[in-house]
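Asker: make a model of this:
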Amino acid sequence: MKKNITAKTFTPIYDELEDRLRLVVNYQDIYNRVDFMITRNFILNLVPTAEEFMARHYGIVDFEATPQIETNDKVMSKTDNVNLELLRTNDDLLLEVNFSFDINSKHTILTLSSKSTTAKADLDGFMLSQIFQVIKSAIPYIRWGISYHF
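Answerer: Numbering: from 1, shown residues only. Got it, this is the predicted structure:
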């Protein structure tokens, strides 16, 4: 049976050993934490899809990747690698991301799924764009041989 959690924080870091992005959801909540591993190929498909979704529903054409982003705690939290490693859970390969837009509330339900876990977050346009900004900021562009403006 799949574990279902409510995603409250998103912390992406590049895992050099795995050569993947690790998206840590709820890093401080050991009972509801999940470490999604995201492959290069998945990221290369996800970012343009997210940008298209944001443009269609929120009028946000592009979100820039910046090294440091200050946002509210619901979107991302500042951590250090020691805390991330101490509370590390089993890695789940991210297999699916779904965006569901509610026209009445103007919110999106973001659903992240692996074989064993589903994490959902109810986000407005600003928070959704912030999540993808921090994800893009963790991409090892040069190592993966991709442009900063893909």
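
Asker: what helix or strand does the nearest residue in space to Val24 that is not next to it in sequence sit in?
Answerer: Excluding the flanking residues, the one nearest Val24 by CB to CB, 6 or more residues apart in numbering is Thr11, at 4.3 Å. In short, each C-beta sits where N, CA and C put it, glycine included. According to DSSP states H and E, Thr11 maps onto strand 10-15.

Asker: contacts only, for Leu93.
Answerer: Taking CB atoms under 8 Å, 6 or more residues apart in numbering as the criterion, Leu93 is in contact with Phe36, Met37, Thr39, Ser114, Lys115.

Asker: helix or strand: which one has the residue located most distally from the centre of the chain?
Answerer: For the chain, the residue at maximal distance from the C-alpha centroid (CA atoms, centre = their mean) is Asn104, at 24.4 Å. Per DSSP H and E: Asn104 is located in neither a helix nor a strand.

Asker: could you measure from it over to Tyr148?
Answerer: 37 Å (CB to CB, to the nearest Å).

Asker: can you check Asp91 too?
Answerer: For Asp91, the distance to Tyr148 (CB to CB) stands at 27 Å.

Asker: same drill for those two, tell me which one is more crowded.
Answerer: Neighbours were counted for Asp91 and for Tyr148 using other CB atoms under 10 Å; Asp91 has more, 15 against 10.

Asker: I figured that one hits Arg22, correct?
Answerer: Yes. Counting by CB atoms under 8 Å, Arg22 is a contact partner of Asp91 at 7.2 Å.

Asker: so for the two, which residues contact both of them?
Answerer: Taking CB under 8 Å, 6+ apart as the contact rule, Asp91 and Arg22 both touch Asp35, Phe36, Met37.

Asker: number of residues surrounding the second one?
Answerer: Right, Phe36. 25.
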